[in-house]
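>>> Quick one: sequence plus predicted model below, questions after.
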Amino acid sequence: MNHPFPGSLLTKASRIRGVMVITALVAACESAALRPIGLDASLDRPDDQNVSDASEIDLGPGSTGPDASLQPDAPGSGDADGADSFVADVSATDAPLDSSTRLGGVVALAAGGSHTCALMVDSSVRCWGYNNSGQLGDGALVDRSLPSAVVGLGDVVAVTAGSVHTCARGRDSSVRCWGHNYNGSVGDGTMMARLMPVEVRDLNGVVDLDSLDAHTCARIEDGTARCWGRNNAGQLGRGTLTNGLTPGLVEGISGIAQIATGYAYTCARLSDTTVQCWGDNIAGQLGDGTTTEHLRPMAVVGLTGVQRIAAGWRHVCALMADTSVLCWGSNQHGQLGDGTMTDRGRPAPVRGLSGVVQIASGDDHTCARLADATVRCWGENGAGQIGDGTTEDKVEPARVVDLAGVEDVVPGFGHTCARMSDGTARCWGNNTFGQLGDGTNIRRITPVSVR
């Protein structure tokens, strides 16, 4: 992912060089049979998410943690030239497959930093991609380029993925999470990484979940919300900057109809069709016309009639009642879709887009599913995550090629996936860790089938 430390003046080029140095060190260690456990390819995370004690890794009952001292956060998703996708397939054509080799029975998808998960028709969950902190939930720390079953998890009705952790909501409204936990992202009251699902404490009546980075929020049946995890900018809405190891009530807000989390901020769509946001506001992503951080919810200026919201790294988009889309916040890659790369502190219309039935935001790109079951995406495209067959950023919506019959679209950091009407899934973009689920580590600039 291409985001510097807060206040950092590091250029993308310097960060890429850093990644190359780390990659060389990994290769050297592997040649000496000294493979570091969980070493991250990204240099773009705050210091306090990169290191934890070796004891803070739970391998599950009857197992002991690996001898490791690094528990990093999210992986990079490629620079504008796809620099951290070391193997690229410029043709990106999907090889002919027998239908039996494609993952079927998918009822929902979730895309994280560099991993993807699928909720299956039998209420189980399968995940694939990056697994440095156990975010795949299969009890290992091994990356997977093909779907792997999450251990000890059943009767699931929804799944959401953060940068390096994952959560699932059960039919009984309970929540279980697994993966990176240095900031309390798992919500079990500890900072121990979990390689298999554990129940989130002090949480009942959950009807919706969302996570993008290192905090998670749950919408409760009474119209309130509870959040937990990283709280460096007040994204938990508790009026403090203290991380939350267990869920806590978001203060001063009620009537919540939808919750959406970004990097260090959170937004809620209310039952009156307005939107309130809180947390980091460095790019104007709170939509109040300022860049002032807020520890408690504040209204997005002049916005009503909102049907759905989607939060990215530092930008937000709203689907309106007339099927148009408005976006605000960071626009360094054109993720607001207004034809510019100018940040917006207030909502601005996405150009040339109508008939939208779903919006979804990843890192620095946004996608919309249209009424005709096709998809348009815009924003960062260094790894081909827009899916238009190029690696050039798009400041206006571009059609994802070779993709029709889409029922859901879910962007990750440098990749995007879609659930198809036949219960299969297709993904495109960065594939360094196997997050496209096609059995390779080859970057794809157009959709390929998950196998």
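Received it, and whenever you're ready, just let me know what you need.
>>> on contacts alone, who are the packing partners of the helix or strand where residue 346 lies?
Using DSSP states H and E, the element containing residue 346 is strand 344-349. The contact analysis (3 or more CB pairs under 8 Å, 6 or more residues apart in numbering; DSSP states H and E) places strand 344-349 against strand 325-329. (Glycine included, C-beta is placed from N, CA and C.)
>>> residue ranges for the helices of this structure, please.
Ranges of helices in the chain, per DSSP state H, are 12-31.
>>> so where's it uncertain?
Low-confidence segments of the chain, defined by pLDDT under 70: 1-100.
>>> quick revisit: adjacent strands (with direction) for the strand holding residue 346?
Strand pairing for strand 344-349, determined by DSSP bridges: strand 325-329 (antiparallel).
>>> Just the residues contacting the strand it pairs with, thanks.
Residues outside strand 325-329 that contact it (CB atoms under 8 Å, 6 or more residues apart in numbering) are 283-285, 287, 300, 303, 312, 314-320, 335-338, 343-350, 353, 356, 359, 366, 368.
>>> Could you turn the buried ones of those residues into a PyMOL selection?
Buried residues within those, by 16 or more other CB atoms under 10 Å, are selected in PyMOL with:
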select buried, resi 283+284+285+287+300+303+312+314+315+316+317+318+319+320+335+336+337+338+343+344+345+346+347+348+350+353+356+359+366+368
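>>> What about the contacts of strand 325-329, which are in strands?
Among these, DSSP state E puts 315-320, 344-349, 356, 359, 366, 368 in strands.
>>> any idea which of these is closest to residue 252?
Closest approach between those and residue 252, by CB to CB: residue 316, at 19.2 Å.
>>> Contact partners for the closest one?
Counting by CB under 8 Å, 6+ apart, residue 316 touches 260, 262, 267, 275, 277, 285, 287, 300, 309-310, 327-329, 361.
>>> cutoff 10 Å now
For residue 316, the contacting residues are 260, 262, 265, 267, 275, 277, 284-287, 300, 303, 309-310, 326-330, 336, 347, 359, 361, 366, by CB atoms under 10 Å, 6 or more residues apart in numbering.
>>> And residue 176, by the same measure?
Counted by CB under 10 Å, 6+ apart, residue 176 has contacts 125, 137, 150, 152-153, 156, 166-170, 186-188, 194, 196-200.
>>> beta partners of it?
Beta bridges link residue 176 to residue 168, residue 199, judged by DSSP bridges.
>>> where does the closest residue to residue 112 other than its chain neighbours sit relative to residue 284, distance-wise?
The shortest distance from residue 112 to any non-neighbouring residue, by CB to CB, 6 or more residues apart in numbering, is to residue 161 (3.2 Å). Using CB to CB, to the nearest Å, residue 161 is found at 26 Å from residue 284.
>>> Likewise for residue 188?
Look at residue 188 and residue 284: by CB to CB, they are 34 Å apart.
>>> Residue 132 too?
To residue 284, residue 132 is 32 Å away according to CB to CB.
>>> can you check residue 333 too?
As for residue 333, its distance to residue 284 is 15 Å (criterion: CB to CB).
>>> what about the residue nearest to residue 363 when sequence neighbours are not counted, neighbour count?
Excluding the flanking residues, the one nearest residue 363 by CB to CB, 6+ apart is residue 413, at 4.0 Å. A count of nearby residues for residue 413, using other CB atoms under 10 Å, gives 35.
>>> Make sure residue 413 is actually in contact with residue 379.
No. Contact between residue 413 and residue 379 fails when scored by CB atoms under 10 Å: they sit 11.7 Å apart.
>>> okay, and the common contacts of those two?
With contacts defined as CB under 10 Å, 6+ apart, the residues shared by residue 413 and residue 379 are 312-313, 362-365, 385.
>>> Show me which pair in those residues is furthest apart.
Spatial extent of the shared contacts of residue 413 and residue 379 (CB to CB) is set by the pair 313 and 385 at 12.8 Å.
>>> Would you check that residue 342 makes contact with residue 333?
No. Contact status for residue 342 versus residue 333: not in contact, 11.9 Å apart, counting by CB under 10 Å.
>>> The two: which has the busier surroundings?
Using other CB under 10 Å as the criterion, residue 342 and residue 333 rank with residue 333 on top: 22 against 12.
>>> my guess is the more buried one meets residue 382, correct?
Yes. Between residue 333 and residue 382 there is a contact under CB under 10 Å: 8.4 Å.
>>> circling back: what residues do residue 342 and residue 333 have in common as contacts?
Listed as contacting both residue 342 and residue 333 by CB under 10 Å, 6+ apart are residue 395.
>>> who's in contact with the closest residue to residue 361 other than its chain neighbours?
Among residues not flanking residue 361 along the chain, residue 312 sits closest, at 3.5 Å (CB to CB, 6+ apart). Listed by CB under 10 Å, 6+ apart, the contact set of residue 312 reads 212, 260, 262-263, 285, 327, 329-330, 335-336, 360-366, 379-380, 411, 413.
>>> which residues of the stretch 351-451 of the chain fall in strands?
In the stretch 351-451 of the chain, the strands defined using DSSP state E, counting those that start in this stretch lie at 356-361, 365-370, 375-379, 394-399, 406-411, 415-420, 425-429, 443-449.
>>> unless I'm mixing things up, residue 167 is touching residue 218, no?
Yes. Under the criterion of CB under 10 Å, residue 167 makes contact with residue 218 at 8.6 Å.
>>> Pull up the overlap in contacts between those two.
Residues touching both residue 167 and residue 218 (CB under 10 Å, 6+ apart): 160, 175, 187, 200, 206, 209-211, 228.
>>> Mind putting these into CSV with neighbour count?
Formatted as CSV, those follow (neighbours: other CB atoms under 10 Å):
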residue, neighbour count
160, 26
175, 25
187, 29
200, 24
206, 22
209, 21
210, 28
211, 26
228, 32
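>>> and which of those is nearest residue 116?
Once CB to CB is applied, the member of those that ends up nearest residue 116 is residue 160, at 11.9 Å.
>>> thought the closest one was touching residue 217?
Yes. Under the criterion of CB under 10 Å, residue 160 makes contact with residue 217 at 9.5 Å.
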